[in-house]
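Undergrad: Quick one, fold the following:
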Amino acid sequence: MRIHFIGICGTAMATVAALLKQKGCEVGGSDQNVYPPMSDFLDAERIPILAPFSADHIDTGLDLVVVGNAISRGNPELEAVLEKKIRYCSLPEVIREHFLWASRSIVIAGTHGKTTTTALTGWLLTHANLDPSVLVGGIALNFGDGGSSYRSGRGRDFVIEGDEYDSAFFDKTAKFLKYLPDIAVVNNIEFDHADIYADLDAVRLAFRRLVNLVPRSGLLLLGHDSPDAVALRGVAVSPVETFGTTDGATWQACEIEHADGITSFSLRHGGELVGRFQSPLLGMHNVRNAVAAVAAASRAGVPVSDLIAGLRAFRGVKRRLETVGVRQGVTVMDDFAHHPTAVHETLTALRTGYPSRRIWAVFEPRSASSCRRVFQDDFARAFGSADEVVVAGVFRSSLPETERLSEDRLVADLRSRGQRARFVPEVDEIVRTIATEHHTGDIVVLMSNGGFGGIHQKLLQALDAVDRPRGTEAR
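TA: Now for the predicted structure:
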């Protein structure tokens, strides 16, 4: 088959393109904005990228066109597909038809933690030699040389990140409703994707529909620490177990300790001790992610000894508190956090892991939700663990002012809480500010779900150019 992906540089789009190429398909695609890590990933997979979008990329010899959910009417390639009546479908439809019908599908869902939990679940099965296929919405460092967003295995299990975002311009239902879950994990539920869901009730409905797809022979795993997740127990037909850090969870992490960048916890199942686990991931949210992955992998048949060893050997996911470089004693980290809860949990994890170091939180409101005023007050509470907060300009500046997040108000609210905060709209100015004011031992975490104007390498280069390191400053 000749398959063309419109919007191929999306993480999931690029990953599925690679999986289809491995199955023998001739695969290519196009995009408007091309940047790492997915541009590097596609280059390594030898999948051509055409840019920018053009109707000339669509020819009648194509067997199928996969339309990314960021593609809307008016896109020249989409218009050509519709006019020429070339067969097209959404990304989740391709995944279901080509990979899931013959597999045991392990779907990892939830507002937060999907990518890390999916990567870890897939790794635990891989480490135990179950040879699963894995599809992650990020670059999992345990797969391939330098990491990969997928693994193509010969075992019965397919571990997939279950995204609640919509499927395509012609299908506004959640992607995860196409994923045929045998084992489903719902980590947590909060309001997100304000461009798709009207309110929290609409989000809840999407997850109820997912729960309704798990067969009686399957298993539903619910985050016990999330009230809206655990409430799904009441609508489940399948068996249900819960996981978390609080009393009453079927799988409960307790006796949690943090030391030297390692998180340790004891795990109980039904009140009985399973074992003592060590994780290289910081933060309570990552304890919950780890417990969810262990519970899912246990159901898939992974023995306890392999669960303990596998978690210890997990290397994480790119853009999830990933260290991109250390210059002049300054650690520069990249994080995908773009929801107030994710921002709060990321910064809290850093403060727990590095209690005496100065933390810079550099935040770009970029996602459809973070650019909107709906989270204005929540963001004002999210940065409490940072010493310096730098707010960049809202990426979606075309939003009406009444709907758009106010950078000035966010900074004012942070200052009213006693925090050092400033609005610095341009990337180059942010880089100059940090390069001028940094101290040895600082941690700078760059928070955005996009390329952030190449700030990561620009900052490293600017720090390299500084004549000498400044004095150490503790919190």
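Undergrad: So the residue lying closest to V237 once chain neighbours are set aside, which state does it fall into?
TA: The spatial neighbour of V237 that comes closest, neighbours along the chain excluded (Cβ to Cβ, 6 or more residues apart in numbering), is R216 at 6.2 Å. Glycine gets a C-beta too; all of them are placed from N, C-alpha and C. Reducing the assignment to helix, strand or coil with DSSP: H, G, I helix; E, B strand; the rest coil, the entry for R216 is coil.
Undergrad: R216: how many residues sit nearby?
TA: R216 is flanked by 7 other residues according to other Cβ atoms under 10 Å.
Undergrad: I'd guessed it sits against A236; true?
TA: No. R216 sits out of contact with A236 when judged by Cβ atoms under 8 Å, with a separation of 10.0 Å.
Undergrad: okay, now the domains of this protein?
TA: Residue ranges for the structural domains of the chain, counted by automatic domain parsing, are given in the record as 2-91, 102-312, 322-464.
Undergrad: tell me the most buried of those domains?
TA: domain 102-312 (a mean of 20; mean count of other Cβ atoms under 10 Å).
Undergrad: Check the average confidence over it, would you?
TA: Taken as a whole, domain 102-312 carries a mean pLDDT of 95.
Undergrad: and what of stretch 381-388?
TA: This predicted structure assigns stretch 381-388 an average pLDDT of 96.
Undergrad: Tabulate the CA atom coordinates of that stretch in CSV.
TA: Listed in CSV are the C-alpha atoms of stretch 381-388, where the atom choice follows Å, rounded to 0.1, in the frame of the first residue of the first chain:
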residue,chain,number,x,y,z
ARG,A,381,-1.3,28.4,42.0
ALA,A,382,0.8,26.0,39.9
PHE,A,383,4.2,27.6,40.2
GLY,A,384,4.6,27.6,44.0
SER,A,385,7.7,25.4,44.0
ALA,A,386,9.7,27.7,41.6
ASP,A,387,12.0,30.4,42.7
GLU,A,388,12.0,32.3,39.4
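Undergrad: which other residues reach it?
TA: Residues external to stretch 381-388 that are found in contact with it (Cβ atoms under 8 Å, 6 or more residues apart in numbering): 340-341, 343-344, 347-348, 350-351, 358-361, 363, 389, 414, 417, 419-421, 475.
Undergrad: how much space between G454 and T440?
TA: 25 Å (Cβ to Cβ, to the nearest Å).
Undergrad: brain fart, V427
TA: When distances are taken as Cβ to Cβ, V427 and T440 turn out to be 24 Å apart.
Undergrad: do A109 as well
TA: Using Cβ to Cβ, A109 is found at 42 Å from T440.
Undergrad: Kindly report the same for A70.
TA: Taking Cβ to Cβ as the measure, A70 and T440 are separated by 41 Å.
Undergrad: T121 now?
TA: Using Cβ to Cβ, T121 is found at 39 Å from T440.
Undergrad: Likewise for G451?
TA: The span separating G451 from T440 equals 28 Å under the rule Cβ to Cβ.
Undergrad: before we move on, the earlier item: ok, now which ones touch the residue nearest to V237?
TA: The contact partners of R216, taken as Cβ under 8 Å, 6+ apart, are V237, S238, P239.
Undergrad: beta partners of the closest residue to the last one other than its chain neighbours?
TA: By the measure of Cβ to Cβ, 6+ apart, the closest residue to P239 outside its immediate chain neighbours is L219, 5.4 Å from it. Residues found in beta-bridge contact with L219 (criterion: DSSP bridges) are I183.
Undergrad: Who are the contact partners of L219?
TA: L219 is in contact with D182, I183, A184, S238, P239, V240, E241, R299, counting by Cβ under 8 Å, 6+ apart.
Undergrad: what do you get for G122?
TA: When contacts are counted by Cβ under 8 Å, 6+ apart, G122 is found next to P132, V134, V136, A140, F143, R151, V159.
Undergrad: Make TSV from those residues and add distance to R46 and secondary structure to it.
TA: Rendered in TSV, the data for the contacts of G122 read as follows (distance: Cβ to Cβ, whole Å; DSSP: H, G, I helix; E, B strand; the rest coil):
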residue	distance to R46	secondary structure
P132	24	coil
V134	21	strand
V136	20	strand
A140	20	strand
F143	18	coil
R151	18	strand
V159	25	strand
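Undergrad: Nearest to C25, out of those residues: which one, please.
TA: Ranking those by separation from C25, with Cβ to Cβ as the measure, puts R151 on top at 17.8 Å.
Undergrad: show me the residues around the nearest residue to that closest one once chain neighbours are set aside that make contact.
TA: Taking Cβ to Cβ, 6+ apart as the measure, R151 lies nearest to V134, with 4.1 Å between them; neighbours along the chain are not counted. Under the criterion of Cβ under 8 Å, 6+ apart, the neighbours of V134 are 118-119, 122, 125-126, 140, 143, 150-151, 153, 158-160.
Undergrad: 10 Å instead, please
TA: Taking Cβ atoms under 10 Å, 6 or more residues apart in numbering, we find V134 in contact with 15, 19, 106, 118-119, 121-123, 125-126, 140, 142-143, 148-153, 157-161.
Undergrad: Just list whatever residues bridge to it.
TA: For V134, the beta-bridge partners under DSSP bridges are R151, V159.
Undergrad: From V291, how far off is it?
TA: In this view, V134 and V291 are 19 Å apart by Cβ to Cβ.
Undergrad: Equivalent analysis for S30, please.
TA: In this structure, S30 lies at 41 Å from V291, with Cβ to Cβ as the measure.
Undergrad: One more: L42?
TA: 34 Å.
Undergrad: Identify the residue nearest G248 in space, chain neighbours excluded?
TA: Excluding the flanking residues, the one nearest G248 by Cβ to Cβ, 6+ apart is H224, at 6.4 Å.
Undergrad: Which of the contacts of stretch 381-388 fall in strands?
TA: By the criterion of DSSP state E, membership of the contacts of stretch 381-388 in strands covers I359, W360, A361, F363, V389, R420, A421.
Undergrad: got the contact list for the second one?
TA: What it means is W360. Taking Cβ under 10 Å, 6+ apart as the definition, contacts of W360 comprise 330, 332-333, 386-390, 420, 430, 433-434, 437-438, 442-446.
Undergrad: Who is it paired with across the strands?
TA: Using DSSP bridges, the beta-bridge partners of W360 come out as E388, V444.
Undergrad: just use 347 as the starting number from now, easier for me
TA: Renumbered: residue one is now 347, and that last one reads W706.
Undergrad: Can you check the pLDDT for it?
TA: Predicted confidence (pLDDT) for W706: 98.
Undergrad: rewinding a little: so the residue nearest to G594 sits against L578, correct?
TA: No. Using Cβ atoms under 10 Å as the test, H570 is too far from L578 to be in contact (11.4 Å).
Undergrad: List the contacts of the most centrally placed residue in the chain.
TA: A centroid search over the chain (Cα atoms, centre = their mean) returns T461, at 4.4 Å, as the residue closest to the centre. Applying Cβ under 10 Å, 6+ apart, we find T461 in contact with 357, 454, 482-486, 495, 507, 509, 635, 663-666, 682.
Undergrad: how far does the helix or strand that contains it sit from the chain's center?
TA: Taking DSSP states H and E as the definition, T461 sits inside helix 460-473. Helix 460-473 has its average C-alpha position 13 Å from the chain's average C-alpha position, going by Cα atoms, centre = their mean, to the nearest Å.
Undergrad: got the CA coordinates for it in PDB?
TA: The C-alpha coordinates for helix 460-473 follow below in PDB (Å, rounded to 0.1, in the frame of the first residue of the first chain):
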ATOM      1  CA  LYS A 460      -0.300   8.700  29.900                       C
ATOM      2  CA  THR A 461       3.000   8.900  28.100                       C
ATOM      3  CA  THR A 462       5.200   7.900  31.000                       C
ATOM      4  CA  THR A 463       2.800   5.100  32.100                       C
ATOM      5  CA  THR A 464       2.600   3.800  28.600                       C
ATOM      6  CA  ALA A 465       6.300   3.800  28.100                       C
ATOM      7  CA  LEU A 466       6.900   2.100  31.400                       C
ATOM      8  CA  THR A 467       4.200  -0.500  30.900                       C
ATOM      9  CA  GLY A 468       5.600  -1.400  27.500                       C
ATOM     10  CA  TRP A 469       9.100  -1.500  29.000                       C
ATOM     11  CA  LEU A 470       8.100  -3.800  31.800                       C
ATOM     12  CA  LEU A 471       6.600  -6.300  29.300                       C
ATOM     13  CA  THR A 472       9.700  -6.000  27.100                       C
ATOM     14  CA  HIS A 473      12.100  -6.500  30.000                       C
END
